[in-house]
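In: Return a 3D structure for these sequence lines:
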Amino acid sequence: MKSLDLSVVQEAGVRLPAGGYVCKIVNVLDFPDKEYLRICYDIAEGSYTGYLDQLSQQLSFWPGDFIRSYKARALYFFKSFLDLVKQSNETFPYDGHNFSDEKILLNMYVGLVLGHEEYIATTDQTTRTRLYVANIQTVQSIRENKFKIPELKTLAIPNDSAHVGQSDFSSQDSEDGLPF
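Out: As a prediction, this is how the structure comes out:
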């Protein structure tokens, strides 16, 4: 093994626990060809304020974001998201009908319920854990603890190689064994 100078390496910080957070939208990127917004957020209140900003300086990328699609079949969910932002920010200039400038989301607050999920790292094929946005709520519901913290989403690993690629649907779901 080569010699490593670890005196200049910062130890891993405290991992953000799953839970409800009041967050500030710090960047919004529009992908019009795919019809979605990438919304970057950071923790805005409590002991983890600015956590993702600090983490991004170590990682060289922004670690906290989520996608909101505005495709025709997803407009209901997009409108629900805008309504939650409106309920959380008195100054949000959205009238409930027209939306054409994603930049009005900048510096707005929203309640996010964050969870942890397992994934397989592409670099070394190990199982790791990352944050994901489990639920979007109003800031008020987060402050009042009116949310449920999601359990760790684990990877589904079949215990028998014969089942790989097969579903576990029972035949009582429908006539041909499929649930649809």
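In: can you list contacts of the longest helix along the chain?
Out: Determined from DSSP state H, the single longest helix within the chain is helix 75-88. By Cβ atoms under 8 Å, 6 or more residues apart in numbering, the residues outside helix 75-88 that reach it are 25, 68-70, 92, 94, 96, 99, 105, 108-111, 136-140. All C-beta atoms are positioned from the backbone trio N, CA, C, and that covers glycine.
In: following it, which helix or strand comes up?
Out: For helix 75-88, the following helix or strand on the C-terminal side (DSSP states H and E) is strand 109-120.
In: Pull out the buried residues from that following strand.
Out: Tyr109, Val110, Gly111, Leu112, Val113, Leu114, Gly115, His116, Glu117 (16 or more other Cβ atoms under 10 Å).
In: Which elements pack onto that strand?
Out: strand 19-31, helix 75-88, strand 127-137, helix 139-143 (3 or more Cβ pairs under 8 Å, 6 or more residues apart in numbering; DSSP states H and E).
In: Reformat the buried residues of strand 109-120 as a markdown table; add pLDDT and distance to Leu29.
Out: Converted to a markdown table, the buried residues of strand 109-120 look like this (pLDDT from 0 to 100; distance: Cβ to Cβ, whole Å):
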| residue | pLDDT | distance to Leu29 |
| --- | --- | --- |
| Tyr109 | 98 | 19 |
| Val110 | 98 | 16 |
| Gly111 | 98 | 21 |
| Leu112 | 98 | 18 |
| Val113 | 98 | 23 |
| Leu114 | 98 | 20 |
| Gly115 | 97 | 23 |
| His116 | 96 | 24 |
| Glu117 | 95 | 23 |
